[in-house]
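J.: Give me the fold of what follows.
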Amino acid sequence: MRKNLTLCGFLLVASLCAGEYALAQEMEAGAPQPTVDLRALKSQMETFQSLLNRSIQQSFEQPFALLQDAKGTYLPYFGVAFQLEVNLYSLRLITPFDMRPYTPEEIKKARDSKLERIRELRKLLSGLLLEQGAKLDAVPPEQNIAVVVHLFNLPSEQSEDLPTQLVLETSRRALLESKAQRMTAEDFQNKVTFLAF
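T.: Numbers count the residues shown, from 1 in each chain. Just a heads-up that it's a prediction; the model follows:
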């Protein structure tokens, strides 16, 4: 199982590197950059940012914290990228009034809860991209839409096997095709490039 995951990770990184190499060649060759209506794109990005913030806050029960609201950026030749930071499961605060160290049970519960919420977050973000990503129509079809989620982990958590970033990425063309095929969120989730590291 671990070998298969390693192989899949290697192939995913290789395909991303190949895409970046092709992009660099286009830029060197002076390929014309598609015309983008930046005013319309800014408005669409703000709408999608609000949707991301609201959906994520409403999807998880406490303990949970949205540490940084979603912020979108347009990257010429690539497309748009949204980033935000969350603490998927907050441990109790250690204060001067309660200095008890975390118990192994607390740390295990936090870790297990975070891993489960990572799966839920992947499904949620895939569904949002499928349902709402096509509305970012100021992004040229050949460019991409990515969502980057930074995950907060305390040093005291057993975080060596917990990811600190999730990345979901797809092209706007793939979004349009998936929407036209009436693809389910579960099927679309398998088409989205997903990294957790």
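J.: which residue ranges form the strands in the protein?
T.: Using DSSP state E, the strands found in the chain span residues 65-75, 79-87, 144-151, 165-171, 193-196.
J.: what are the ranges of the helices in this structure?
T.: In the chain, the helices defined using DSSP state H lie at 2-28, 38-59, 104-132, 172-180, 185-189.
J.: if we can go back for a sec, would you reformat the strands of the chain as a markdown table and include distance to Glu106?
T.: Where C-beta positions appear, they are placed from N, C-alpha and C, glycine not excepted. Formatted as a markdown table, the strands of the chain follow (distance: least, CB to CB, whole Å):
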| stretch | distance to Glu106 |
| --- | --- |
| strand 65-75 | 17 |
| strand 79-87 | 15 |
| strand 144-151 | 18 |
| strand 165-171 | 24 |
| strand 193-196 | 23 |
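J.: Redo those strands as CSV? Include mean neighbour count and mean pLDDT.
T.: Compiled in CSV, the strands of the chain are given as follows (neighbours: other CB atoms under 10 Å; pLDDT from 0 to 100):
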stretch, mean neighbour count, mean pLDDT
strand 65-75, 15, 97
strand 79-87, 20, 98
strand 144-151, 21, 98
strand 165-171, 19, 97
strand 193-196, 16, 96
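J.: ok so, going back, what's the closest of the helices of the chain to Glu157?
T.: Closest to Glu157 of the helices of the chain is helix 104-132 (CB to CB; 5.9 Å).
J.: Domains in the protein, by residue range?
T.: Domain assignment for the chain by automatic domain parsing gives 1-32, 36-196.
J.: Tell me who's in contact with the closest residue to Gln83 other than its chain neighbours.
T.: Spatial nearest neighbour of Gln83, chain neighbours left out: Val148 (4.3 Å); criterion: CB to CB, 6 or more residues apart in numbering. By CB atoms under 8 Å, 6 or more residues apart in numbering, the contact set of Val148 is Ala81, Phe82, Gln83, Leu84, Gln165, Leu166, Val167.
J.: Closest one of the residues you listed to Phe197?
T.: Using CB to CB, the contacts of Val148 come closest to Phe197 at Gln165, 5.9 Å.
J.: so what's that closest one up against?
T.: By CB under 8 Å, 6+ apart, the neighbours of Gln165 are Val148, Val149, His150, Leu151, Leu195, Ala196, Phe197.
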